[in-house]
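Engineer: I would like the atomic coordinates for the input below:
(2 chains)
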Amino acid sequence: MEFISPELDYAALAPMIVVGVAAIISVLVEAFAPRSVRRFLQLVLVFTTLIGALVLVVLNSGMRVLTGGQSIALDGPAWIMQGTILILAILGGLLMAEGGVDPSGDAFAPRASALPGSEDERQFTIRGYLQTEVWPFLLFAVLGMMLFVASNDLLMMFIALEVMSLPLYLLAGMARRRRLLSQEAALKYFLLGAFSSAFFLFGAALIYGYSGSIAFGPISFAITTKAGENTLLLIGIAMLLVGLFFKIGAVPFHQWTPDVYQGAPTPVTGMMAATVKVAAFGALMRLLYVAFGGVRWDWEILLWIVAILSMLVGSIIAISQSDIKRMLAYSSIAQAGFILVGVVAASPQGLASVLFYLIAYGFTTIGAFAVISLVRNASGEATSIRDWAGLGKKSPLIAAIFSVFMLSLAGIPLTGGFIGKWGVFAAGVAAGDAWLVIVAVIASVIAAFFYVRVIVLMYFADPTPDTAAVVIPSGFTTVSLAAGATLTIALGIVPQPILDIIANAGVFIR
Amino acid sequence: MNPANYVVLAAILFSLGAIGVLVRRNAIIVFMSVELMLNAANLAFVAFARMNGNLDGQVVAFFVMVVAAAEVVVGLAIIVTIFRTRKSASVDEPNLLKY
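Structural biologist: Got it, this is the predicted structure:
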């Protein structure tokens, strides 16, 4: 046996190479640049890189190539998802860069290694040290996500999954305030994440045993040629799906979501909630459509069950939440269920509707978490929903912006969320899953209740002494928040340009 | 020797790892169980590579070792931080996040 070295299409890989090289430079900056200039250098490096990679993605968007010996597929949907991930990462990065909201610095612990409440921590805080190690983590996570949506074999997908997840586990544990919660979130996220990726890997091994290859093309070919003996195949698919359902936060693999959303620093929660959803759904669809399209009738049932459970469990448990970050976490579980309705349609229409939904959901989510990072009281962020009572009278603008995000998540017309939901439901009906869409509509009615409840609380309750105050942020958060709000409304009123881009992207290449 | 036996062994090791994650209470042991699951997958890959007569599975095993090492770095960092804060590595004790 001899190895044939794979051909690499460097032009098509350029966006990922740029982000990867920048991530390594970012680590070197941490090691060698003096503290006084470190934060400045990192911010310049991160934002130039992300914007540069976005430009490259736009320039490349006409390409449809399989490269690296079939292991990476850069096709229309991949470019759209990479572009979305980069834009969302820029907006999330702006939130992470915010230094003017917390009186003692930014959202991150000055030293993650200093014990909470210790003299070390106090000294670091007094001296105004800022954590800059979050920036290489952000770049590595973005690299993993970009690779995740383009990976066209099981090994590449596993590596991308880990490159994406490992920095996020650490970022979740770095909050400046409520550090015990943050560390606990990191531990839970890490242990459960590692557990689920072990399932993914063993599933990959079984599929390799079944088909004799780890690339999606040959797996798909093996499925069409080997009729009958498919025990390994079905167990393998189920185990791969465990790993991916964990990442998208679908029931019954959702237990980590509320804890991590609540414990992680709010800018990280926003960035992660938006980008990981895009990346994981991209990978899920490519795996199911390209590799396992031939056994659609077998995985369809699994997706139905998970979609229904996610929609109902997410919507119903969200009603009883008293913490706004936890409520949005359950909301994200329900949203994962709605998106699965589009995934299970397994049609070009379904793919297009899921892409639009992910874009709309991403901007809305980042914006919502940007607002949460601004609503504060003496102990930090006021995440208890009670403290938001009467916010509409104290800060009409922020309350209005947050209402737009809530309406978009609930799927009310004139917001991006409505067009997204309408798209996936239409795709579901067209694919013959009308009963599933009926369940989804019922779930969205339940979900609308808790979104609207926050709006009612902000506008129709009187401010109490506990009502939180809105901090005026610096330019970073303002830009991110403005972009999130503008795009949420723009996607609802003039969705056509984005729908056209998605329609031109076509489907996954094989 | 029939390579299929190694696949069965891999499945047994994977199940032991999964049971370990679910029943053990010490974060380090839970983490070791996860590593056992990854290595069980490696064994399955190598056994299948032998059965399929190509090298893909062996290449995967090398990559998985690298990923597992990276995971150890991140995982131990998180577990040690929790241990220093709480003076315990039990996964039952961090229980502030609920409901």
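
Engineer: touching chain A at all, the longest helix seen in chain B?
Structural biologist: Identified as the longest helix of chain B according to DSSP state H is helix B:56-86. Yes: using Cβ under 8 Å from any Cβ of the partner chain, helix B:56-86 comes into contact with chain A via B:56-57, B:59-60, B:63-64, B:67, B:70-71, B:74-75, B:77-79, B:81-82, B:84-86. Where C-beta positions appear, they are placed from N, C-alpha and C, glycine not excepted.

Engineer: Who are the packing partners of that helix?
Structural biologist: If you count contacts as 3 or more Cβ pairs under 8 Å, 6 or more residues apart in numbering or on different chains; DSSP states H and E, helix B:56-86 packs onto helix A:154-172, helix A:179-211, helix B:27-52.

Engineer: Poorly predicted segments of chain B, please.
Structural biologist: For chain B, the stretches with pLDDT under 70 are B:99.

Engineer: Am I right that A:Glu376 falls within a strand?
Structural biologist: No Glu there; residue A:376 is Arg. Yes: assigned with DSSP: H, G, I helix; E, B strand; the rest coil, A:Arg376 falls within a strand.

Engineer: show me the contacts for it.
Structural biologist: A:Arg376 makes contact with A:Val101, A:Ala382, A:Ala468, A:Ala469, A:Val470, A:Val471, according to Cβ atoms under 8 Å, 6 or more residues apart in numbering or on different chains.

Engineer: ok, those vs chain B, which is closest?
Structural biologist: A:Ala382 (17.5 Å; Cβ to the nearest Cβ).

Engineer: For the stretch 51-200 of chain A, what lies in contact range of chain B?
Structural biologist: So far as Cβ under 8 Å from any Cβ goes, the stretch 51-200 of chain A lies against chain B at A:112-113, A:115-116, A:154-155, A:158-159, A:162, A:166, A:169-170, A:173, A:179-181, A:183-188, A:190-191, A:194-195, A:198-199.

Engineer: The residues you listed, buried ones only, as a PyMOL selection?
Structural biologist: Remark: buried members of those, expressed as a PyMOL selection using 16 or more other Cβ atoms under 10 Å in any protein chain shown:
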select buried, chain A and resi 112+116+154+155+158+159+162+166+169+170+173+179+180+181+183+184+185+186+187+188+190+191+194+195+198+199
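
Engineer: quick check: angle from the longest helix of chain B to helix A:179-211?
Structural biologist: In terms of direction (axes from the mean of the first three to the mean of the last three Cα atoms, to 10 degrees), helix B:56-86 departs from helix A:179-211 by 170 degrees.

Engineer: what about helix B:56-86, distance to the chain center?
Structural biologist: Relative to its chain's centre, helix B:56-86 lies at 9 Å (Cα atoms, centre = their mean, to the nearest Å).

Engineer: buried sites along it?
Structural biologist: Those would be B:56-57, B:60-61, B:63-64, B:67-68, B:71, B:74-75, B:77-79, B:81-83, B:85, for helix B:56-86 by 16+ other Cβ under 10 Å.

Engineer: again with stretch A:310-325
Structural biologist: Here stretch A:310-325 shows A:310-318, A:321, A:323-325 as buried, counting by 16+ other Cβ under 10 Å.

Engineer: Show me what the mean pLDDT comes to for that stretch.
Structural biologist: Per-region confidence: stretch A:310-325 scores 95 on mean pLDDT.

Engineer: which residues are contacting it?
Structural biologist: So stretch A:310-325 is contacted by A:250-251, A:254, A:258, A:261-262, A:266, A:269, A:327, A:330-338, A:340, A:369, A:372, A:383-386, A:388, A:439-440, A:443-444, A:446-447, A:449-450, A:453-454, B:99 (Cβ under 8 Å, 6+ apart).

Engineer: Ok, stretch A:294-301 next?
Structural biologist: So stretch A:294-301 is contacted by A:Ser220, A:Ile223, A:Thr224, A:Asn230, A:Leu233, A:Leu234, A:Ile237, A:Leu241, A:Leu288, A:Phe292, A:Val344, A:Ala346 (Cβ under 8 Å, 6+ apart).

Engineer: The fourth one and B:Pro3, how far apart?
Structural biologist: Taken as Cβ to Cβ, to the nearest Å, the spacing of A:Asn230 relative to B:Pro3 amounts to 20 Å.

Engineer: more neighbours, the two?
Structural biologist: A:Asn230 (16 against 13; other Cβ atoms under 10 Å in any protein chain shown).

Engineer: Show the pLDDT at that one.
Structural biologist: At A:Asn230, pLDDT is 84.

Engineer: Could I get the contacting residues of A:Ala250?
Structural biologist: Listed by Cβ under 8 Å, 6+ apart, the contact set of A:Ala250 reads A:Val306, A:Ala307, A:Leu309, A:Ser310, A:Ile333, A:Ala336, A:Gly337, A:Leu340.

Engineer: which among those residues gets closest to A:Gln42?
Structural biologist: A:Ala336 (32.2 Å; Cβ to Cβ).

Engineer: distance of the closest one from A:Phe508?
Structural biologist: A:Ala336 is 20 Å from A:Phe508, by Cβ to Cβ.

Engineer: of these two, who's got more company?
Structural biologist: Each of A:Ala336 and A:Phe508 has its neighbours counted (other Cβ under 10 Å); A:Ala336 has more, 28 against 21.

Engineer: Off-centre distance for the helix or strand encompassing the more buried one?
Structural biologist: Applying DSSP states H and E as the criterion places A:Ala336 in helix A:324-344. A distance of 11 Å separates the centroid of the chain from that of helix A:324-344, by Cα atoms, centre = their mean.

Engineer: got the contact list for residue 9?
Structural biologist: No chain in the question, so chain A it is. A:Val65, A:Thr67, A:Leu74.

Engineer: I was after chain B.
Structural biologist: So B:Leu9 contacts B:Leu43 (Cβ under 8 Å, 6+ apart).

Engineer: So it versus chain A, what's the distance?
Structural biologist: When distance is defined by Cβ to the nearest Cβ, to the nearest Å, B:Leu9 is 13 Å away from chain A.

Engineer: thought B:Leu13 was touching B:Ala41?
Structural biologist: No: taking contacts as Cβ atoms under 8 Å, B:Leu13 lies outside contact range of B:Ala41: 9.1 Å.

Engineer: Compare those two (neighbour count), which wins?
Structural biologist: B:Ala41 (31 against 19).

Engineer: Contacts only, for the more buried one.
Structural biologist: A:Ala198, A:Leu201, A:Phe202, A:Ala204, A:Ala205, B:Ala10, B:Phe14, B:Val64.
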